[in-house]
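A.B. asks: I would like the atomic coordinates for the input below:
(one chain, ligands or ions: 1)
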Amino acid sequence: MSPTFLREQRPRTTRPVIAAGVLAAVYILAPVLALGVRVPWPKLADTLSAPATHDLLRVSLSAAALSTLLSTLLGTCLALWLQQLRRVSHLVRLVVYLPLAMPPVVGGLALTALLGRRGLLGPALEQAGLHVSFAFPGVVAAHLFVTLPFVVVAVDSALRQLDPEVVASARGIGLSAGTILRRIILPTILPAVFTGGALAFARSLGEFGTTITFAGSLPGSTRTMPSGIYLEREVSADNAYALSAVLIGIAILTLTAAGMPLLLRRRREQAVRALQPMDPNALRAATAPLTPPHDLSVTVGDTTTTFRGGRVTAVVGPNGAGKTTLMRFTSGRLQGAHTNAERVVMLSQNPGLPPTATVAQALTMVTKDARRTQELLSAAGLQELGHVSELSGGQAAQVALLRALAARPEVLIVDEPFAAMDVESAARWRHLLRISAADRTTVIVTHSRVDLTTLADDIAVMEAGEVISQGPAERLLEQPTTRFMAELAGVNVLRGSFRGDTFAPDRNGEHWAAFPQTALRFDPIGAQRATGLTATIVADLGSTTLVDIDGQRVTVGQPARTNAPGEAVPVALDASALTVYTRT
Ligand SMILES: Nc1ncnc2c1ncn2[C@@H]1O[C@H](COP(=O)(O)OP(=O)(O)OP(=O)(O)O)[C@@H](O)[C@H]1O
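C.D. replies: This next block holds a predicted model:
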């Protein structure tokens with residue numbers, strides 16, 4: 001398929017909602033248009049060239065420019081700081097929004113109380129030679145006070161939309177706080193910073209109440225366009241309308257300029273990009289850690305779990321067993337655990353790639369070397385991939401795994417890394433992790449039997465937040481120690497109870513018996529009498545047969561022969577092959 005522009009289907013809404021929305025837009029536009037009708041357009045040039053207008057424009061534009069610069073810088077920092085706060089952040093947000101809710105005149109009085117000549121800090125400022133109230137700095141101070149919330153609201157909401165995993169994974173692969181800020185966070189929130197800045201500038205141009213209360217209206221130094229317009233109303237309504245038109249014109253220009261990057265943004269052509277073959281040996285060499293592997297111990301509370309160095313440990317367990325949580329403790333993402341490892345890289349189920357970067361840029365953040373990035377991409381067969389935002393789920397999973405490996409981790413923790421990959425890609429990456437197992441300590445959270453049989457050296461089984469059983473994969477697959485493990489290993493599991501020494505299937509029994517498919521066989525009448533078991537044929541699976549015993553599905557390790565579904569047949573269960581668990 002050739003490159004194309006892909007368009008998302010827009011969400012549709014109901015007609016009453018659209019009608020109300022149009023009414024709201026008209027309500028904003030109508031007064032502006034009405035003002036346009038009243039403006040004496042032929043006199044506009046005279047008004048613009050008048051020295052008094054120049055003074056008003058100079059004070060307004062310079063105060064707006066200075067306060068916008070300060071509020072954009074300080075507001076962005078404040079929004080970034082808010083992300084670090086926990087519960088207190090709600091309180092700080094309330095404080096930040098206060099100027100929006102405060103009557104402007106009260107804002108002016110508050111500034112007077114703080115920075116006025118007889119205010120709390122005023123005398124100290126005067127002594128330092130800084131005249132704030134009733135001087136130009138007072139105009140900037142008033143504008144800063146009212147415009148800060150606009151920047152904070154815009155940047156804060158953009159930051160809250162940033163996927164936390166993007167930052168967590170960047171930290172996990174060893175990027176410093178400064179690099180994460182410069183290379184990942186700022187590019188992502190830049191449009192919001194522009195929007196916040198533009199809103200602040202526009203609001204600053206229109207600011208009146210706080211400024212006149214705190215800085216007064218001294219011609220040429222503190223008289224801004226809005227106070228000039230207000231005073232001009234008393235003298236000449238035409239002049240007031242003309243000045244208003246100028247002010248609105250500047251505001252429209254500002255907001256248009258802020259929206260330009262979005263309007264002019266080039267849409268990226270998207271195309272189907274094929275993956276190339278992987279060179280696993282080259283990739284192994286390029287991602288091998290610089291130090292030999294060692295055992296990894298993690299202590300949470302009074303429980304210590306150890307993962308063998310140079311081995312792959314598969315962590316398994318039912319949903320909610322605490323696998324991801326243990327991995328987050330181990331990688332240091334959750335506080336409160338002690339581990340002996342330093343270069344731990346954890347890749348969660350979410351790829352967490354920086355959304356504004358290309359695949360090569362995302363990788364170079366780790367390698368810090370464009371040439372090495374290209375080598376890694378070629379060895380992984382991912383060199384055709386373009387921008388992160390265009391990746392499919394499986395491609396993103398592969399790039400994320402490559403990025404995690406590019407950090408040459410001593411300990412690699414991966415949470416279901418192949419879940420989004422196609423069978424062939426998963427096999428390639430599984431092979432890579434297998435051949436590089438001796439280089440590092442690898443821990444993989446998985447629900448896949450293929451991972452257990454082809455990748456894992458060890459298996460750790462988790463239940464209710466704890467590792468309840470751990471050992472070599474081969475042994476645990478042959479002799480599962482829990483019912484969950486038995487089911488995962490593909491071993492038959494039957495619930496039942498004991499009659500004397502004999503296990504009898506029973507849906508309400510207090511035991512579970514696990515046994516290989518070969519331990520259950522279709523049997524002649526004589527043996528059936530001995531075991532007393534009857535199975536109902538459910539489905540012929542080719543070399544095996546799915547049957548129902550006392551309402552429980554199990555597999556017989558033989559073909560169904562001529563028996564039709566629904567037919568009851570005698571079966572024999574080899575008692576010596578049973579592993580019995582008490583019900584949990
Ligand atoms: N050690 C623990 N202490 C406190 N809470 C825990 C602990 N382990 C797990 N939990 C709680 O259990 C929830 C589920 O845990 P977790 O996401 O780690 O399960 P999981 O085994 O990874 O599940 P899944 O297979 O569905 O991904 C967590 O959100 C957490 O609240």
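
A.B. asks: so Val414 is in which element?
C.D. replies: strand 411-415 (DSSP states H and E).

A.B. asks: ditto for Gly542
C.D. replies: Using DSSP H and E, Gly542 maps to neither a helix nor a strand.

A.B. asks: Skip ahead from the helix or strand bottoming out on mean pLDDT in the chain and say which helix or strand is next.
C.D. replies: Comparing helices and strands within the chain by mean pLDDT, DSSP states H and E singles out helix 525-531 as the least confident, with a mean of 58. Of the helices and strands lying after helix 525-531 in sequence (DSSP H and E), the nearest is strand 533-540.

A.B. asks: Which strands and helices lie in contact with that following strand?
C.D. replies: Using 3 or more Cβ pairs under 8 Å, 6 or more residues apart in numbering; DSSP states H and E as the contact criterion, the elements in contact with strand 533-540 are strand 545-549, strand 552-556, strand 568-573. In short, each C-beta sits where N, CA and C put it, glycine included.

A.B. asks: what's the closest of these to the ligand?
C.D. replies: Within those, the stretch nearest the ligand is strand 552-556; the backing value is 22.8 Å (Cβ to the nearest ligand atom).

A.B. asks: what packs against the closest one?
C.D. replies: When contacts are defined as 3+ Cβ pairs under 8 Å, 6+ apart, strand 552-556 packs onto strand 492-499, strand 520-522, strand 533-540, strand 545-549.

A.B. asks: can you redo the ones you listed as CSV with mean pLDDT and mean neighbour count?
C.D. replies: Supplementary listing: these in CSV, determined by pLDDT from 0 to 100; neighbours: other Cβ atoms under 10 Å:
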stretch, mean pLDDT, mean neighbour count
strand 492-499, 88, 18
strand 520-522, 89, 21
strand 533-540, 88, 18
strand 545-549, 90, 21
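
A.B. asks: Make a markdown table from those and add distance to the ligand to it.
C.D. replies: Shown next, in a markdown table, are the helices and strands packed on strand 552-556 (distance: least, Cβ to the nearest ligand atom, whole Å):
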| stretch | distance to the ligand |
| --- | --- |
| strand 492-499 | 19 |
| strand 520-522 | 29 |
| strand 533-540 | 28 |
| strand 545-549 | 26 |
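
A.B. asks: what would the ones you listed look like in JSON lines with distance to Leu57?
C.D. replies: Formatted as JSON lines, the entries for the helices and strands packed on strand 552-556 read as follows, by distance: least, Cβ to Cβ, whole Å:
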{"stretch": "strand 492-499", "distance to Leu57": "82"}
{"stretch": "strand 520-522", "distance to Leu57": "91"}
{"stretch": "strand 533-540", "distance to Leu57": "84"}
{"stretch": "strand 545-549", "distance to Leu57": "84"}
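
A.B. asks: before we move on, back to that, so which elements touch the strand holding Val414?
C.D. replies: Counting by 3+ Cβ pairs under 8 Å, 6+ apart, the packing neighbours recorded for strand 411-415 are helix 323-330, strand 344-347, helix 393-406, strand 441-445.

A.B. asks: now with 6 Å?
C.D. replies: Contact analysis of strand 411-415 by 3 or more Cβ pairs under 6 Å, 6 or more residues apart in numbering; DSSP states H and E lists strand 344-347, strand 441-445 as its packing neighbours.

A.B. asks: closest to the ligand out of those?
C.D. replies: Each of those was checked against the ligand via Cβ to the nearest ligand atom, and the shortest separation belongs to strand 441-445, namely 6.4 Å.

A.B. asks: Now do the closest one and strand 411-415, the angle between them.
C.D. replies: If you take axes from the mean of the first three to the mean of the last three Cα atoms, to 10 degrees, strand 441-445 sits at 10 degrees to strand 411-415.

A.B. asks: does Asp523 really touch Ala572, like I thought?
C.D. replies: Yes: taking contact to mean Cβ atoms under 6 Å, the distance of 3.7 Å between Asp523 and Ala572 places them in contact.

A.B. asks: re earlier: least reliable of the helices and strands packed on strand 411-415 going by mean pLDDT?
C.D. replies: Per-stretch averages of pLDDT across these put strand 344-347 at the bottom, with a mean of 93.

A.B. asks: That one pairs with which strands, parallel or anti?
C.D. replies: strand 411-415 (parallel) (DSSP bridges).

A.B. asks: any idea of the mean pLDDT in the partner strand?
C.D. replies: Average pLDDT, strand 411-415: 95.

A.B. asks: Not counting the helix or strand that comes right after that strand itself, show me its contacts.
C.D. replies: Secondary structure here is assigned by DSSP H and E; on that basis, the next helix or strand after strand 411-415 toward the C-terminus is helix 423-435. For helix 423-435, contacts defined as Cβ atoms under 6 Å, 6 or more residues apart in numbering pick out 278, 280, 283-284, 418, 455.

A.B. asks: got the angle for helix 423-435 vs strand 441-445?
C.D. replies: Orientation note: helix 423-435 sits at an angle of 150 degrees relative to strand 441-445 (the same axes, to 10 degrees).

A.B. asks: So which bits of helix 423-435 are buried?
C.D. replies: Residues of helix 423-435 classed as buried by neighbour count (16 or more other Cβ atoms under 10 Å): 425-426, 428-430, 432-434.

A.B. asks: now those as a markdown table including pLDDT?
C.D. replies: Formatted as a markdown table, the entries for the buried residues of helix 423-435 read as follows, by pLDDT from 0 to 100:
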| residue | pLDDT |
| --- | --- |
| Ser425 | 93 |
| Ala426 | 94 |
| Arg428 | 94 |
| Trp429 | 96 |
| Arg430 | 95 |
| Leu432 | 96 |
| Leu433 | 96 |
| Arg434 | 95 |
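
A.B. asks: Those: which ones sit near the ligand?
C.D. replies: With Cβ under 6 Å from any ligand atom as the criterion, no member of these is in contact with the ligand.

A.B. asks: just these now: which is nearest the ligand?
C.D. replies: Minimum distance to the ligand across the buried residues of helix 423-435 is 18.0 Å, recorded for Ala426 (Cβ to the nearest ligand atom).

A.B. asks: Distance of Val359 relative to the ligand?
C.D. replies: Between Val359 and the ligand the distance, using Cβ to the nearest ligand atom, to the nearest Å, works out to 27 Å.

A.B. asks: and if you look at Pro31?
C.D. replies: Taken as Cβ to the nearest ligand atom, the spacing of Pro31 relative to the ligand amounts to 52 Å.

A.B. asks: before we move on, what about Pro505?
C.D. replies: Here the criterion is Cβ to the nearest ligand atom. By it, Pro505 lies 29 Å from the ligand.

A.B. asks: can you pull the contacts of that residue?
C.D. replies: For Pro505, the set of contacting residues under the criterion of Cβ under 6 Å, 6+ apart consists of 494, 496, 549-550.

A.B. asks: Show me which residues of the protein sit near the ligand.
C.D. replies: Taking Cβ under 6 Å from any ligand atom, the part of the chain that reaches the ligand is made up of 317, 319-325, 465.

A.B. asks: Now, of those residues, which are buried?
C.D. replies: Among the residues of the chain next to the ligand, the ones that count as buried (16+ other Cβ under 10 Å) are 317, 321-324, 465.

A.B. asks: could you dump the residues you listed to TSV with pLDDT?
C.D. replies: Shown next, in TSV, are these (pLDDT from 0 to 100):
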residue	pLDDT
Gly317	92
Ala321	93
Gly322	93
Lys323	95
Thr324	93
Gly465	89
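
A.B. asks: Now the two most distant members of those residues.
C.D. replies: Pairwise distances across those peak at 11.2 Å for Thr324 and Gly465 (criterion: Cβ to Cβ).

A.B. asks: Ignoring the adjacent residues along the chain, who's closest to the residue of the stretch 451-584 of the chain found nearest the ligand?
C.D. replies: With Cβ to the nearest ligand atom, the shortest gap between the stretch 451-584 of the chain and the ligand falls at Gly465, namely 4.0 Å. With Cβ to Cβ, 6 or more residues apart in numbering as the measure, Gly322 is the residue that lies nearest to Gly465, at 3.9 Å, once sequence neighbours are left out.
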